[in-house]
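K.L.:
this is the structure alone, sequence omitted:
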């Protein structure tokens, strides 16, 4: 797309090749809405009615500015975890503002704070702060940890290890997050300046979660508590950098701290349907634990 080929004003969606952005784009397409799909690899862009795709990376400010020129509202999905993730977000936000984007809806994280136990949640806090500083209209979506990923925390023997203790969490389904995002993106200025916690319907411990999965699937799942140091050591064998290892371990530690013990009515209030329960998720995804052999 050249500088002189500005498309009609529309909703811009990032992260469309991922789990949330792709779901949101599909929902907007079903509503017949015009979309600009911003992707790193044009060959991976989904083909959706009413959409156009343009290639740009968050770190390429000039390309990103061109990509979102003419967009009214931008859904900014957070970049994959990286040591420089905040810098990537700042680059994309500044480019969007320079392009004339009127409103940014940012996919953040529950309990985002500068000293959040979950280290990746700190990135979201600083990104939110930067978006506020630009003066652009904005809405922040702060989902809990994904219900969809809980099965993949278990190894082939059904064991989940981590320093979650007896902390509680209201896991949220990615479909519910996408429904909320679609509602906000199409709901206009009523959502400006709002921060929405997006959670599941109930708060449970990790042990209770796995007991429910076991009872519903016939698989034997169990939680083995780890200390913080044990959690770090058990993950260092992956060869991942230390910031990533700390991020993975701190997702469990954030549960133990109580920071994720939040239950909101956002899904019901904004979508008109209740948030997905553990039982509801497994009814839709009966093979979620197919990798567990116990």
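P.N.:
Perfect, thanks for sending it. The model shown is predicted, which means the values in this text are computed figures rather than measured ones. Numbers count the residues shown, from 1 in each chain.
K.L.:
quick one: the strands in this structure, in order.
P.N.:
Ranges of strands in the chain, per DSSP state E, are 10-14, 35-39, 51-55, 71-77, 103-107, 137-143, 159-162, 168-169, 195-198, 204-205, 222-225.
K.L.:
centre-most residue in the protein?
P.N.:
The chain has residue 107 as the residue nearest its centroid, 5.7 Å off, counting by CA atoms, centre = their mean.
K.L.:
quick one, what contacts that one?
P.N.:
By CB atoms under 8 Å, 6 or more residues apart in numbering, the contact set of residue 107 is 15, 20, 75, 76, 77, 78, 141, 143, 177, 181. The C-beta positions use only the backbone N, C-alpha and C, and glycine is treated the same way.
K.L.:
which residues touch stretch 178-187?
P.N.:
Against stretch 178-187 from outside (CB under 8 Å, 6+ apart): 11, 20, 23-24, 27-28, 31, 33, 73, 75, 105, 107, 139, 141, 191, 196, 198, 266-267, 270-271, 273.
K.L.:
just the buried ones from these?
P.N.:
Among the contacts of stretch 178-187, those classed as buried by 16 or more other CB atoms under 10 Å are 11, 20, 23-24, 27-28, 33, 73, 75, 105, 107, 139, 141, 191, 196, 198, 266-267, 270-271.
K.L.:
where does pLDDT dip in the chain?
P.N.:
1-9 (pLDDT under 70).
K.L.:
go with 90
P.N.:
Residue ranges of the chain with pLDDT under 90: 1-10, 188, 293-294.
K.L.:
ok so, going back, top of the contacts of residue 107 by number of neighbours, please.
P.N.:
residue 75 (29 neighbours; other CB atoms under 10 Å).
K.L.:
quick one: that residue and residue 16 touch, right?
P.N.:
No - if you go by CB atoms under 8 Å, residue 75 and residue 16 don't touch, sitting 9.3 Å apart.
K.L.:
sounds good, over and out.
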